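Asks: Provide a 3D model corresponding to the input given below.
(one chain, ligands or ions: 1)
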Amino acid sequence: MDLNKDMSRIPDFYDLDVDERISILLKKLGFEDDMDLTSSIKSGLDLDNANNMIENVVGLYGLPIGIATNFLINERDVLVPMVIEEASVVAGASLAAKLARMGGGFQAETTSNEMIGQMQVLDLENIDNAKSILMSNKDVVLDSVKDLDPMLNSVGGGIRDLEVRLVQESTIGPFLIIHVIYDTCDAMGANAVNTAVEYMKPVVEDLIGGRVHLRILSNLADRRIARACVSIPTNVLSFGTYDGEKVRDGIVEASIFAEVDSYRASTHNKGIMNGVDAVVMATGNDWRAIEAGAHAYASRQGSYTSLSKWSVGVEGNLVGEIEMPMAVGIIGGATRVHPGAQAALKILGVASSKELSEVIVSVGLAQNLASLRALSTEGIQKGHMGLHARQVAIAAGAEGDQINVIADQMVTDKKVNVKYAERLLS
Ligand code: MEV
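Replies: Model (predicted):
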């Protein structure tokens, strides 16, 4: 019997209170007696940990963790922790994942875990000559750092290759760029790569002369790509007065808009990043790195375009695909020291950075589907307002049960604002 089957389906999860949600979550995961997990989910980081993370700490800044349900990724049910301040995102992901699982869920894959470290070499007499010296002495350069990180080597990672690129003309003259290819396995890898490229400086200068200037990892992690795709039968797309084929075709039209227009692509990709960043943050990973890589990748053909595409498949299904760099880790950095991040990884049940990447990119595609489905039918405000109204009710001073009562009334009356909430409250 497959114990994982339907694990991520929790009907009416939304209607439970926080303690009930945690209790059912732990039961689903088989961790019902894990008190540490409960407290890590609820309280996350403490001040002592925070004080060791950055400088000049004076406190903590809280954000909600929500659980997106219904995800089926590579035939595994996954409950997805998301850290985000924006209403509708967790609900949108859960809804899209529900539609996706009716077509067999998300199929996701990753390429390697290779990161790129860059070295800028200036003041060379002849950059073409320097390039051929480097290429014929590649082993000398690679060998110089091969024992730098025994830990990474022991799990199959480490230095892989070296590539050279030439900039023939620039305002500072011609220069050479070395790309150091480094397999960082289950780590995001910034520290390993930066250590290696800094260490290589004298080796490179001895070989080719010149002056090694910048030495730093590139966030355009295009050797560490995650992909996901989904195929959804048209009939499951229908809702309310919207016919499934119309919804499908509307999503395809919206997708083409983003493919050909950078203004739309930016917002389309923002919707994807709503899902991506929320899981990246929940797992203690560097969301600025992911953002930088995503948008650089979206521009790789010379103009900014969408990271995903939606089309009509052979059987008339709605087919979605996404591809983007995904430099995330499950060891090291905040992932290791933040109890909330440790809890998130435990909830996800991922055993490698590849698996985590596959979840993240699937959530990005789900989020994109939720946005496009709403935008091409009733618009996003209807769904958004219901959740937003709760925040407005709280801002007006509503507490406990009052919050939902006031929020529902504002949505019914189509007047979601603090003044009206205050009136209802009084
Ligand atoms: C809002 O946070 C995200 C959307 O704007 C994404 C999109 O337009 O595709 C709804």
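Asks: any idea how far the closest residue to residue 190 other than its chain neighbours lies from the ligand?
Replies: Using C-beta to C-beta, 6 or more residues apart in numbering and skipping residues adjacent in sequence, the residue nearest residue 190 is residue 217, 5.2 Å away. For the C-beta atoms, the positions are set from N, CA and C on the backbone; glycine is no exception. Applying C-beta to the nearest ligand atom, to the nearest Å, the value for residue 217 to the ligand is 29 Å.
Asks: residue 217: how many residues sit nearby?
Replies: The number of residues packed near residue 217 is 24, by other C-beta atoms under 10 Å.
Asks: likewise for residue 170?
Replies: Residues near residue 170, counting by other C-beta under 10 Å: 8.
Asks: spell out which residues of this structure are next to the ligand.
Replies: Counting by C-beta under 6 Å from any ligand atom, the chain comes close to the ligand at 86, 267, 268, 270, 271, 274, 371, 375, 380.
Asks: I'd like the residues you listed laid out as TSV, including secondary structure, neighbour count and pLDDT.
Replies: Formatted as TSV, those follow (DSSP: H, G, I helix; E, B strand; the rest coil; neighbours: other C-beta atoms under 10 Å; pLDDT from 0 to 100):
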residue	secondary structure	neighbour count	pLDDT
86	coil	13	93
267	helix	14	98
268	helix	24	98
270	helix	15	98
271	helix	24	98
274	helix	23	98
371	helix	24	97
375	helix	17	97
380	coil	16	81
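Asks: name the nearest of those relative to the ligand.
Replies: residue 271 (2.7 Å; C-beta to the nearest ligand atom).
Asks: check contacts around that closest one.
Replies: 367, 368, 370, 371, 372 (C-beta atoms under 8 Å, 6 or more residues apart in numbering).
Asks: nearest residue to it in space, please, no chain neighbours.
Replies: Nearest residue to residue 271 in three dimensions, chain neighbours excluded: residue 371, at 3.9 Å (C-beta to C-beta, 6+ apart).
Asks: that neighbour and residue 70, how far apart?
Replies: 17 Å (C-beta to C-beta, to the nearest Å).
Asks: likewise residue 253?
Replies: 26 Å.
Asks: and these two? Which one has more around it.
Replies: The neighbour count for residue 253 versus residue 70, taken as other C-beta under 10 Å, is higher for residue 70 (26 against 12).
Asks: doesn't the more buried one belong to a helix?
Replies: No: using DSSP: H, G, I helix; E, B strand; the rest coil, the assignment for residue 70 is strand, not a helix.
Asks: you'd agree it is up against residue 101?
Replies: Yes: between residue 70 and residue 101 there is a contact at 5.8 Å, judged by C-beta atoms under 8 Å.
Asks: ok, the residue nearest to the spatial centre of the chain - contacts?
Replies: For the chain, residue 276 is the residue whose C-alpha lies nearest the centre (C-alpha atoms, centre = their mean; 2.7 Å). Contacts for residue 276 (C-beta under 8 Å, 6+ apart) come out as 290, 294, 324, 360, 361, 363, 364, 367.
Asks: apply 10 Å and report the result again.
Replies: Contact partners of residue 276, counting by C-beta atoms under 10 Å, 6 or more residues apart in numbering, are 226, 269, 287, 290-291, 294, 307, 322, 324, 326, 328, 360-365, 367-368.
Asks: secondary structure element holding it?
Replies: In this assignment (DSSP states H and E), residue 276 forms part of helix 262-282.
Asks: how about residue 388?
Replies: Taking DSSP H and E as the criterion, residue 388 maps to helix 381-395.
Asks: repeat that for residue 422.
Replies: Here residue 422 is assigned to helix 418-425, by DSSP H and E.
Asks: and that helix, average pLDDT?
Replies: Average pLDDT, helix 418-425: 94.
Asks: any idea how far that helix is from the middle of the chain?
Replies: Distance, stretch centre to chain centre, for helix 418-425: 37 Å (C-alpha atoms, centre = their mean, to the nearest Å).
Asks: can you give me the strands in the chain?
Replies: Under the criterion DSSP state E, strands of the chain are mapped to 65-73, 76-83, 107-110, 114-122, 158-167, 175-183, 211-217, 225-232, 308-312, 318-325.
Asks: quick one on the thing from earlier: isn't the residue nearest to residue 271 up against residue 89?
Replies: Yes: using C-beta atoms under 10 Å, residue 371 makes contact with residue 89 at a distance of 9.4 Å.
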